[in-house]
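Engineer: After the sequence you'll find the predicted model.
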Amino acid sequence: MWFAAAALGLGALVAAFPAAFEAVALGGALYLGWLAIGAFRSAAAKNRPIGHALVRSGRSAIRDGFAVQFANPKIILFFGAVLPPFMDPSRPAAAQLALFACGTIGMDLISMSAYGLGGAALSARMSEPRFRRGVALVVGILLSAAAVLVIRSHLGCDSTLGRLLPSC
């Protein structure tokens, strides 16, 4: 789906409305901050019982996976900004998009498999409260840093929204 959106000019749409894109990015940064707070709260909790993930199967898992992928703002950035420069307008778009799709799906398959196998390997350690708190603390720090970096990059005086600030 995002391959088709890129072919139809998603990059041009983002370029035409940079303030809207920056507002979405700032909303994402606030969400990262909210997740960081949750991670810090989890790290501070003592002797918290281990939660168990709800395992879904069938159509529900597919529907949930599609919803997450569709709403992922990184995908818009990737397909809107990174993919179009690699398109050759003198060649058939469908063949190029099919090739890009195969490459991206293949790399996603490898990386998501690595995440899954890594998570399975860490599952035994995650049952240890001290290790869980340490992981939550590291996750909180990383999410906070990401939120700050996104906010700084989108509120600089050279950004569309930054120019609206009185100090710029």
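Structural biologist: Happy to help now that I have it.
Engineer: Val150: neighbour count?
Structural biologist: 20 (other CB atoms under 10 Å). Just so you know, the C-beta spots here come from the backbone N, C-alpha and C atoms, and that holds for glycine as well.
Engineer: That one: what's it in contact with?
Structural biologist: 25-26, 28-29, 32 (CB atoms under 8 Å, 6 or more residues apart in numbering).
Engineer: ok, and for whichever helix in the chain runs longest, which residues are buried?
Structural biologist: As assigned by DSSP state H, the longest helix anywhere in the chain is helix 93-122. Residues of helix 93-122 classed as buried: 96-97, 100, 104 (neighbour count, 16 or more other CB atoms under 10 Å).
Engineer: Redo the residues you listed as JSON lines? Include distance to Pro18 and pLDDT.
Structural biologist: Formatted as JSON lines, the buried residues of helix 93-122 follow (distance: CB to CB, whole Å; pLDDT from 0 to 100):
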{"residue": "Gln96", "distance to Pro18": "26", "pLDDT": "80"}
{"residue": "Leu97", "distance to Pro18": "25", "pLDDT": "77"}
{"residue": "Phe100", "distance to Pro18": "25", "pLDDT": "82"}
{"residue": "Thr104", "distance to Pro18": "25", "pLDDT": "82"}
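Engineer: Output those residues in TSV, with distance to Ile110 appended to each entry.
Structural biologist: Shown next, in TSV, are those (distance: CB to CB, whole Å):
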residue	distance to Ile110
Gln96	22
Leu97	20
Phe100	16
Thr104	11
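Engineer: ok, those vs Gln69, which is closest?
Structural biologist: Nearest to Gln69 among the buried residues of helix 93-122, counting by CB to CB, is Thr104 at 11.7 Å.
Engineer: what about the closest one, distance to Met87?
Structural biologist: 14 Å (CB to CB, to the nearest Å).
Engineer: again, but for Arg41
Structural biologist: Applying CB to CB to Arg41 and Met87 gives a distance of 45 Å.
Engineer: higher neighbour count, the two?
Structural biologist: More crowded of Arg41 and Met87, by other CB under 10 Å: Met87, with 15 against 12.
Engineer: ok, the closest residue to the more buried one other than its chain neighbours to Cys102 distance?
Structural biologist: Nearest residue to Met87, sequence neighbours excluded (CB to CB, 6 or more residues apart in numbering): Gln96, at 5.7 Å. Per CB to CB, Gln96 is found 11 Å from Cys102.
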